[in-house]
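Asks: Got a sequence here, can you build the structure:
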Amino acid sequence: MNRKLIFKKKIISELAKNGLRNSSKRNFIITAFVASRKHLNADELYAIVKKIDAGIGFVTVYRTLKLLVHYGFAREVDFKDGFTRYEINDEPAVQHDHLICIQCGSVTEFKDPAIERLKDKASRDTRFKPVFHRLEIFGICRQCRNTKKKQH
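Replies: Predicted structure coming up:
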């Protein structure tokens, strides 16, 4: 079975266990969010679902995203672009970090075991119990740098 489909079914099952009904609109929003694999803000997700079901309102999209965050299926991220963005949290035990282009806004996820080891060492040394970490590196992506070189 497809990993996205398994995760979607897990979300719907968990919401049902917590007494939340499985409406077709919420189900569609969850499907679109899980399928996107992008760091979407509520407006972007609303634009996606609105193209297919004009009856879905922005408030329904926003509330669904907040539910996903509340139950740990999504995380809020802030890339300093004025929007709260949401990313899927289908592997909570696997931490990843972000490279964010300040020109085009592209986001590249990466994982590096050295960062994990550094986090673990700093936590041990200070007797700190981490819950999660977030590393965001802002700069200019290769494509933007290459575009700028071609213009000169």
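
Asks: helix/strand/coil for the residue nearest the centre of the chain?
Replies: Taking C-alpha atoms, centre = their mean, the centroid of the chain lies closest to residue 87, which sits 0.5 Å from it. What DSSP: H, G, I helix; E, B strand; the rest coil gives for residue 87 is strand.

Asks: Look up how far residue 144 lies from it.
Replies: 22 Å (C-beta to C-beta, to the nearest Å). C-beta: built from backbone N, CA, C; applies to glycine.

Asks: where are the low-confidence patches of the protein?
Replies: Along the chain, the model assigns pLDDT under 70 to residues 1, 92-94, 149, 152.

Asks: Mark out where each domain of it begins and ends.
Replies: What automatic domain parsing lists as the domains of the chain is 1-91, 93-152.

Asks: Need the winner for burial among those.
Replies: Among those, domain 1-91 has the highest mean neighbour count (mean count of other C-beta atoms under 10 Å), at a mean of 16.
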